[in-house]
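# Attaching a predicted model along with its sequence, questions to come.
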Amino acid sequence: MAGGSRWTASLLAVWRITSPGSLPRALAFLIAGVLFWVMGSASVGHSPNVIVSGHTGGVFSTSLHAHALWLAAGDAAAPPSAAVEAAFRAARRTLKPDNSSYLALCLHVKDEHDSIREWVLYHHMIGVNKFYVFDDYSAPPMQGVLSDLIEAGLVDYTFAMGQLPGPTEGANKQDQAYNYCLRKHGQNHKYMGFIDTDEFVMLMRRYSTLPELLRDYEDSSGLVLYIVDFGPSGHVARPAAGVLASYTKCTEKWRQGGYGKSFVQPAKTRAMARVHRGHYTQGHAVDVWRRKYDGPTTAGNRTDDERAMIFHYRTKSAEDWQKRDRKGTSGTGGPTKPLSVFQTVDKWADQVCLEGTEQAARLRAAFGPLLRAPRRQDGLT
Ligand SMILES: *[C@@H]1O[C@H](CO)[C@@H](O)[C@H](O)[C@H]1NC(C)=O
Ligand SMILES: *[C@@H]1O[C@H](CO)[C@@H](O)[C@H](O)[C@H]1NC(C)=O
């Protein structure tokens, strides 16, 4: 098929549509970024290690200046009705933040404003009651779109410019953030998980929450869930319905070999290595069939009931891919992703996986009003 030229044409079309508007936006981001940097440096005395924590005040206020220049799409247009505000408040009261949650997730992000809420709320729905978000210098800071969840205590937010303090462990910024998270917060949780915003834990029927699954594996130091990739599923523009509801075309399991993500017991874990694996002080990690997990090369036989997997929305839409491509190396790993990878995943994703769409419906029922960022993004609503 003429897939290559089709996608190139689509990408060019997206480029033409988005380019005129993105120039002023890019300029605003640039100015905000410079302002932010200058103010941040000024207030911390040019320290090379700048962490702006969501709970400490101080230089935190500079982020308010930066993201005041930015409005979420649609914010300026229609102010929500009293009914919408009431639904939002009611949904907020159903959140169950817990600083000693059985399972916490550590997340390293950059410029994921559009998808972060769906990711957090989905994993909250399946039993994660604490999230540590390390924002790698997003422009504007992602604190804005998370303000209500930070205020509720569900999300612990750190804006990190440069290195995190303490001994740096790991090959890249993501690894370092994971190890910092493990050292700083590990003692408060039985389990910690390390996945990305384009990865959703999918429980395959037998379990309704992730802690329920992990409780069956407490005798091992960690549980590794295998990854299955998703392609664009025909989407050129970013679909408004969100990730879970929109992408249904997945690859066959063997394509990703034994790549997995780890949920570790901090009490038995020395460090995280190369994002995917834990180094344990005792014992080892297993997969859902209790087979010792040695790394991506040991894919093994996965014909049985898989219990849980990581749905990896690898490409998302052509528009998402193009934005990510322009973003380039973000510290979340790797160089810019070429179009050919997009095309390959699209070609490989010849299976249909509908579990995500079922979960999307469940998520809308549980936290629907919260899926959209709060209108006031300064946390003062
Ligand atoms: C929970 O942690 C947050 C920081 O993420 C903190 O602001 C809050 O006060 C803590 N809540 C309790 C009850 O300790
Ligand atoms: C692997 O495959 C064999 C035969 O196809 C099956 O009997 C076995 O239970 C499978 N599962 C695991 C986890 O080894």
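Yep, it's here. Ligands and ions are numbered 1, 2, ... in the order given.
# low pLDDT regions in the chain?
1-79, 298-299, 325-336, 376-381 (pLDDT under 70).
# ranges for the strands of it?
Counting by DSSP state E, residue ranges of the strands within the chain are 50-53, 103-109, 130-135, 155-161, 191-194, 199-203, 222-230, 249-250, 260-264, 269-273, 277-280, 285-286, 308-313, 351-352.
# between these, which gets nearest to ligand 1?
Proximity to ligand 1 (CB to the nearest ligand atom) singles out strand 155-161 among these, at 3.4 Å. For every residue, glycine as well, the C-beta is placed using N, CA and C.
# Can you name every helix or strand that that closest one contacts?
strand 50-53, strand 130-135, helix 143-151 (3 or more CB pairs under 8 Å, 6 or more residues apart in numbering; DSSP states H and E).
# Redo these as CSV? Include mean neighbour count and distance to ligand 2.
Below are the helices and strands packed on strand 155-161 laid out as CSV (neighbours: other CB atoms under 10 Å; distance: least, CB to the nearest ligand atom, whole Å):
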stretch, mean neighbour count, distance to ligand 2
strand 50-53, 20, 43
strand 130-135, 24, 32
helix 143-151, 23, 38
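# need these in JSON lines with distance to residue 173, can you?
Shown next, in JSON lines, are these (distance: least, CB to CB, whole Å):
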{"stretch": "strand 50-53", "distance to residue 173": "13"}
{"stretch": "strand 130-135", "distance to residue 173": "8"}
{"stretch": "helix 143-151", "distance to residue 173": "18"}
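# What parts of the stretch 251-381 of the chain come near ligand 2?
Residues of the stretch 251-381 of the chain lying close to ligand 2 (CB under 6 Å from any ligand atom) are 289, 301, 303-304.
# By neighbours, which of those residues wins?
In terms of neighbours by other CB atoms under 10 Å, these top out with residue 289 at 12 neighbours.
# from what I can see that residue touches residue 304, true?
Yes. Using CB atoms under 8 Å, residue 289 is in contact with residue 304, at 6.7 Å.
# ok, for residue 278, nearest residue in space, not its chain neighbours?
In this structure, residue 278 finds its nearest non-sequential neighbour in residue 264, 4.1 Å apart by CB to CB, 6 or more residues apart in numbering.
# shouldn't that neighbour be in contact with residue 225?
No. Counting by CB under 8 Å, residue 264 sits too far from residue 225 to count as a contact (12.0 Å).
# ok, back up a step: will you turn the strands of the chain into TSV that also has distance to ligand 1?
Formatted as TSV, these follow (distance: least, CB to the nearest ligand atom, whole Å):
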stretch	distance to ligand 1
strand 50-53	9
strand 103-109	10
strand 130-135	7
strand 155-161	3
strand 191-194	15
strand 199-203	22
strand 222-230	24
strand 249-250	34
strand 260-264	20
strand 269-273	20
strand 277-280	23
strand 285-286	27
strand 308-313	25
strand 351-352	39
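# Throw these into JSON lines and include distance to residue 149, thanks.
As requested, the strands of the chain are exported to JSON lines (distance: least, CB to CB, whole Å):
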{"stretch": "strand 50-53", "distance to residue 149": "15"}
{"stretch": "strand 103-109", "distance to residue 149": "12"}
{"stretch": "strand 130-135", "distance to residue 149": "8"}
{"stretch": "strand 155-161", "distance to residue 149": "4"}
{"stretch": "strand 191-194", "distance to residue 149": "17"}
{"stretch": "strand 199-203", "distance to residue 149": "17"}
{"stretch": "strand 222-230", "distance to residue 149": "24"}
{"stretch": "strand 249-250", "distance to residue 149": "29"}
{"stretch": "strand 260-264", "distance to residue 149": "21"}
{"stretch": "strand 269-273", "distance to residue 149": "24"}
{"stretch": "strand 277-280", "distance to residue 149": "27"}
{"stretch": "strand 285-286", "distance to residue 149": "30"}
{"stretch": "strand 308-313", "distance to residue 149": "21"}
{"stretch": "strand 351-352", "distance to residue 149": "32"}
